[in-house]
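# here's my sequence, what's the structure:
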Amino acid sequence: ETSVISAVLLEQAASHYFQASMFRKYAFHLIMSGHMYRSTNKQEKHAARCFTAALQYYQSSRWNHLYTHIQSSLAHQAFALNKWSLSLQIYSRVVGSTVTSPKVQQKVLQNLFNICKHSPSVAMIAAKQMQTMTYDNISEKIEDENSLEAL
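Numbering: from 1, shown residues only. Sure, this is the predicted structure:
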């Protein structure tokens, strides 16, 4: 319960930073909030929402390390929610990144392997959709219980 309260407070702080046009602090607090939500093991969708919002800020910045970290966190959230197709699409963008450690790359490759092993048909469909994937509608894909990723 304490983690959920902390996550909500961090998210509220992020909102205030956004209103004050302090966008780096806004995005940083969203990342921290996402990690707090994720640590509860019951608030995965809230964590994904926070990571997606922070990703929008870092997508067009010079902070490649943080951008890759958020991508990896978001892919992990999709993986935890059994959104195999979405997770595979996001992980594919992290593979080979020069700003991640070998340990992170190993985890990414292991999760990619597990997705392909668990559901090869979903993996093939996701592979075909990779070039058209954008981060604009990730929150909707995570929320959509009837989407292909829920298979």
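# where's the residue sitting furthest away from the middle of the chain relative to His29, distance?
Each residue of the chain has a distance to the centre, and by C-alpha atoms, centre = their mean the biggest one is for Ala20: 25.2 Å. Ala20 is 12 Å from His29, where distance means C-beta to C-beta, to the nearest Å. Any C-beta I mention is one placed from the backbone N, CA and C, and that applies to glycine too.
# cool, Ser97 as well?
On the measure of C-beta to C-beta, Ser97 and His29 end up 24 Å apart.
# likewise for Glu1?
As judged by C-beta to C-beta, Glu1 and His29 stand 20 Å apart.
# need phi/psi at Ala54.
Note on Ala54: backbone dihedrals following degrees, to the nearest 10 are phi -70, psi -30.
# pLDDT at Lys83, what is it?
pLDDT for Lys83: 83.
# and it, how many residues sit next to it?
Other residues near Lys83 number 28, with proximity taken as other C-beta atoms under 10 Å.
# ok, now the one 5 residues further on?
Other residues within reach of Leu88, judged by other C-beta under 10 Å, total 28.
# where's it relative to Ile115, distance?
Relative to Ile115, and taking C-beta to C-beta, Leu88 is found at 5 Å.
# cool, His16 as well?
From His16 across to Ile115, the span is 38 Å (C-beta to C-beta).
# coming back round to it: shared neighbours, Leu88 and Ile115?
Common neighbours of Leu88 and Ile115, using C-beta atoms under 8 Å, 6 or more residues apart in numbering, are Val122, Ala123.
# quick one, grab the pLDDT at the residue nearest the centre of the chain.
Nearest to the mean C-alpha position of the chain, by C-alpha atoms, centre = their mean, lies Leu74 at 1.0 Å. The score at Leu74 is 87. That number is its pLDDT.
# Three-state assignment for it, please.
Here Leu74 is recorded as helix under DSSP: H, G, I helix; E, B strand; the rest coil.
# mean confidence for the one helix or strand Lys117 maps to?
Assigned by DSSP states H and E, Lys117 belongs to helix 102-118. Average pLDDT, helix 102-118: 82.
# for whichever strand or helix holds Val8, buried residues please.
Using DSSP H and E, Val8 sits in helix 2-19. Within helix 2-19, the residues scored as buried using 16 or more other C-beta atoms under 10 Å are Ser3, Ser6, Ala7, Leu10, Glu11, Ala13, Ala14, Tyr17, Phe18.
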